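Student: Here's a sequence, model it:
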Amino acid sequence: MNARYATFLDEIGRDEADDLHDVVLTAMISGQLSALSALLRERRGPKAFESLFLSPVYFGPIGPAT
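Tutor: Predicted structure coming up:
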């Protein structure tokens, strides 16, 4: 585990960082993101997974197209 990942677990997982780590590893191994997405939504609100891991472009254009 590197320092960035440890910081992620501390910030997002807080007191349940070990549980978050288990869910992240399971998602990485299985390729199934539903449990990770649900956990993040529960702790951080709607679109938590998307806001943490996807490019802002995922949500569509921010301003008028040029």
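
Student: okay, and for this structure, where does confidence drop off?
Tutor: Within the chain, the stretches with pLDDT under 70 are 57-66.

Student: can you tell me which helix in the chain is longest?
Tutor: When the chain is scanned for its longest helix (criterion: DSSP state H), the result is helix 17-30.

Student: List the buried residues for it?
Tutor: Under the neighbour-count criterion of 16 or more other Cβ atoms under 10 Å, helix 17-30 has Leu20, His21, Val23, Val24, Ala27 buried. (C-beta placed from N, C-alpha, C; glycine too.)

Student: which non-adjacent residue is nearest the fourth one?
Tutor: Right, the one you point to is Val24. The shortest distance from Val24 to any residue other than its chain neighbours is 6.2 Å, reached at Leu36 (Cβ to Cβ, 6 or more residues apart in numbering).

Student: Over to the last one?
Tutor: Taking Cβ to Cβ, 6+ apart, and ignoring the residues beside it in sequence, Ala27 has Leu36 as its nearest neighbour in space, at 4.2 Å.

Student: Also the first one?
Tutor: Take Leu20 and drop its neighbours on the chain: the residue closest to it by Cβ to Cβ, 6+ apart is Gly13, 3.4 Å away.

Student: Wait, the one you found touches Asp19, no?
Tutor: Yes: using Cβ atoms under 8 Å, Gly13 makes contact with Asp19 at a distance of 6.8 Å.

Student: tell me the angle of the helix or strand following the longest helix of the chain relative to helix 17-30?
Tutor: Using DSSP states H and E, the helix or strand that follows helix 17-30 in sequence is helix 34-44. Orientation note: helix 34-44 sits at an angle of 150 degrees relative to helix 17-30 (axes from the mean of the first three to the mean of the last three Cα atoms, to 10 degrees).

Student: List the neighbours of helix 34-44 that are in contact with it.
Tutor: Applying Cβ atoms under 8 Å, 6 or more residues apart in numbering, the contact partners of helix 34-44 are 12-13, 19-20, 23-24, 26-27, 47-49, 51-52.

Student: now with 7 Å?
Tutor: With Cβ atoms under 7 Å, 6 or more residues apart in numbering as the test, helix 34-44 has contacts from Ile12, Leu20, Val23, Val24, Thr26, Ala27, Ala48, Phe49, Leu52.
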